[in-house]
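Asker: kindly return the folded structure for what I paste below:
(one chain, ligands or ions: 2)
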Amino acid sequence: MKKDKIVIFDTTLRDGEQSAGVSMSVEDKIKIAELLDSMKVDVIEAGFPFASQGDFDSVKKVSETAKNSIICGLARAQKRDIDTAGEALKKAKHPRIHTFISTSDLHMKYKLRMSKEDVIAAIKSSVQRAMKFVNDVEWSPEDASRTDLDFLYKSIETAISFGAKTINIPDTVGYSVPSEFSDLIKKIKDNVANIDKATLSVHCHNDLGLAVSNSINALLSGARQVECTINGIGERAGNAALEEIIMCLKTRKDLFPFYSNVETKKIIKISKLVSQITGFKVQPNKAIVGKNAFAHESGIHQDGMLKNANTYEIMTPESIGLQSSELVLGKHSGRHAFKVKLNELGYKFKSEKELNKIFKKFKDLADRKKQIFEEDIIALVDDTFDLNYNYIQFLELDVKCGNKAKAEATINLKIDGSNFTSTSSGQGPIDAIFNSIKKVVPNKSQLILYQVNAITKGIDAQAEVIVRLEESGIAVLGQGKNIDTMVASAKSYINALNKLKNKKEIFLSNNLKKSNETFDKHAI
Ligand code: KIV
Ligand code: ZN
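Answerer: Numbering: from 1, shown residues only. Ligands and ions are numbered 1, 2, ... in the order given. The predicted structure follows:
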């Protein structure tokens, strides 16, 4: 099948920024533009230069930094708008001016207060003016989907005859439906005499939730550029979401004679960046980039996924830059997924009976608790098996710290009936304490979590310290409480080391046995 390239035009920095409550700084816009540029988005609409000094600066800076993408600035059909856009785009390697004017009766009468003749004159002068600055001019008839067809054809023909190379058809108010919108594109192709001199583009808003669907249908009718935003942000209900369009074309390449150059593996990164900059959280069930888009909870689905991911996934998480799918443990999860999670945490049960015992406890917990985290499972295993034998016992701790000298800790421990003392320095008091313990009890565990909670109120509050250690796939949580945070830290680390030793004895795998052989006397 011969495939046509679809030009991906991102307007996150322009229409996306028009979302109520969103404002991006110049630095924010540069960060987003750099990532869009690196993921080979064809056109970046970097702003509306006449709208504000910030927008002008953003378009100017993005123009200076972009390496691959065409950089576009928006301008109304007015001389000062177009001149300002031309100025902001001066340094762009590939500059484009996007100029527009409304063409629907409603907009011409109430918004512009202009006649059809006035609008045609404005199209001529604006496209002509834009051509003085750049070769690449895009023109849009705002509210196209509610425009009288004959007037729409005439307007488009005028824009092309004065030099516009891209004609963008906006469904400005998200009013159109897929069959109607694709018909409109077909009609434009059939009725505008010079349409073959321009690329047809579409720009769909999502007021009825049809933006992506309208865009894809328009491509099937002959449009070859699609305008969209990351996470679908934009004016009112937003614009067509870039990630949905790109992944739809990629996933259904069997159906569509199209391709795009966008690197899909950066999708999750850009989605997170835009969400962080705008403060707009992505809804969990949002297609492609939602937290749940690759998460499976029901037992039947998890079982299918473990046997073959194609059973419940139409695209791979890796294709958008995620590490893997997630089997979310909850009350609908089955034994199979639970066992896989236990294995991931380093637990290998000797018998099915042991596994069943812990699975039953897990189900009881899941009935009471909505979200089950790895920490909950670790605690569940700790409670089920007797891990309380304290091989290492805390006796005393002395810590020197402050801003004048390097932190130093001296620890006194009882191990297997004998006392041991060791002193170590560190980057700070906690590091010094952990180093002094490690001197007596060498171990290869990694500190994954260190957390301090105040369990009573006031400045004399009891501190509770939680640490998570991992070694060769086995994870443990250690806990220590004391009025002194340093002592609580030492106790939590020792508690975790004791659990690690006990767990290794219960779940010892051949692998661990080997690495243990090289450990020192008190190594665990
Ligand atoms: O929605 C719209 O009509 C627009 C135009 C400026 C293209 O954003
Ligand atoms: Zn728009």
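Asker: can you pull the contacts of the residue in the stretch 201-350 of the chain that ligand 1 sits nearest to?
Answerer: Going by Cβ to the nearest ligand atom, ligand 1 is nearest to residue 203 of the stretch 201-350 of the chain, at 5.0 Å. No exception for glycine: its C-beta is placed from N, CA and C like everyone else's. Going by Cβ atoms under 8 Å, 6 or more residues apart in numbering, residue 203 touches 11, 15, 140, 168-172, 227, 239.
Asker: those residues also near ligand 1: which ones?
Answerer: When these are filtered against ligand 1 using Cβ under 6 Å from any ligand atom, the residues retained are 15, 140, 168, 170, 172.
Asker: the fourth one bridge partners, please.
Answerer: By that I understand residue 170. On the basis of DSSP bridges, residue 170 is bridged to residue 203.
Asker: for it, give its distance to residue 326.
Answerer: Using Cβ to Cβ, to the nearest Å, we find residue 170 at a distance of 37 Å from residue 326.
Asker: which one of these two is surrounded by more residues?
Answerer: In this view residue 170 and residue 326 are compared by other Cβ atoms under 10 Å, and residue 170 has more residues nearby, 22 against 16.
Asker: pretty sure that one contacts residue 139?
Answerer: No: when contacts are counted by Cβ atoms under 8 Å, residue 170 is not listed as touching residue 139 (11.0 Å).
Asker: close to ligand 1: what parts of the stretch 201-350 of the chain are there?
Answerer: Listed as neighbours of ligand 1 in the stretch 201-350 of the chain under the rule Cβ under 6 Å from any ligand atom: 203, 205.
Asker: per-residue pLDDT, residue 331?
Answerer: In this model, residue 331 is scored at 87, pLDDT.
Asker: contacts only, for it.
Answerer: 363, 366-367.
Asker: where does the protein have low pLDDT?
Answerer: 385-388, 456-460, 506-524 (pLDDT under 70).
Asker: where's the residue nearest in space to the middle of the chain, which helix or strand?
Answerer: Nearest to the mean C-alpha position of the chain, counting by Cα atoms, centre = their mean, stands residue 272 at 3.0 Å. Element membership for residue 272 (DSSP states H and E) is helix 267-278.
Asker: who's in contact with the helix or strand just after that helix?
Answerer: Sequence order places strand 295-296 as the next helix or strand after helix 267-278, per DSSP H and E. Contacts to strand 295-296, defined as Cβ under 8 Å, 6+ apart, come from residues 302, 305, 312, 325-328.
Asker: which ones among the residues you listed map onto strands?
Answerer: Members of the contacts of strand 295-296 lying in strands (criterion: DSSP state E): 326-327.
Asker: got a markdown table for the contacts of strand 295-296, with distance to residue 498 too?
Answerer: Output for these, formatted as a markdown table (distance: Cβ to Cβ, whole Å):
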| residue | distance to residue 498 |
| --- | --- |
| 302 | 33 |
| 305 | 36 |
| 312 | 41 |
| 325 | 35 |
| 326 | 31 |
| 327 | 30 |
| 328 | 31 |
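Asker: who wins for most neighbours among the contacts of strand 295-296?
Answerer: Top of those by neighbour number is residue 302, holding 25 neighbours under the definition other Cβ under 10 Å.
Asker: all the strands of the stretch 1-150 of the chain, residue numbers only.
Answerer: With DSSP state E, counting those that start in this stretch as the criterion, the stretch 1-150 of the chain has strands at 4-5, 7-10, 43-47, 70-76, 95-102, 137-142.
Asker: ok, and what's touching the fourth one?
Answerer: To tie it back to what came earlier, the one meant is strand 70-76. With Cβ under 8 Å, 6+ apart, strand 70-76 has contacts from 9, 14, 33, 42-50, 59, 62-63, 81-82, 84-85, 88-89, 92-101, 126, 130, 136, 138.
Asker: buried subset of the contacts of residue 331?
Answerer: Neighbour counting with 16 or more other Cβ atoms under 10 Å marks residue 366 as buried within the contacts of residue 331.
Asker: with distance to residue 401 and secondary structure added, can I get the contacts of residue 331 in TSV?
Answerer: Formatted as TSV, the contacts of residue 331 follow (distance: Cβ to Cβ, whole Å; DSSP: H, G, I helix; E, B strand; the rest coil):
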residue	distance to residue 401	secondary structure
363	46	helix
366	43	helix
367	46	helix
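Asker: ok, the nearest residue to residue 268 once chain neighbours are set aside - contacts?
Answerer: In this structure, residue 268 finds its nearest non-sequential neighbour in residue 321, 4.2 Å apart by Cβ to Cβ, 6 or more residues apart in numbering. Contact partners of residue 321, counting by Cβ under 8 Å, 6+ apart, are 264-269.
Asker: save those residues as CSV, and put in neighbour count too.
Answerer: Shown next, in CSV, are the contacts of residue 321 (neighbours: other Cβ atoms under 10 Å):
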residue, neighbour count
264, 20
265, 13
266, 18
267, 22
268, 19
269, 14
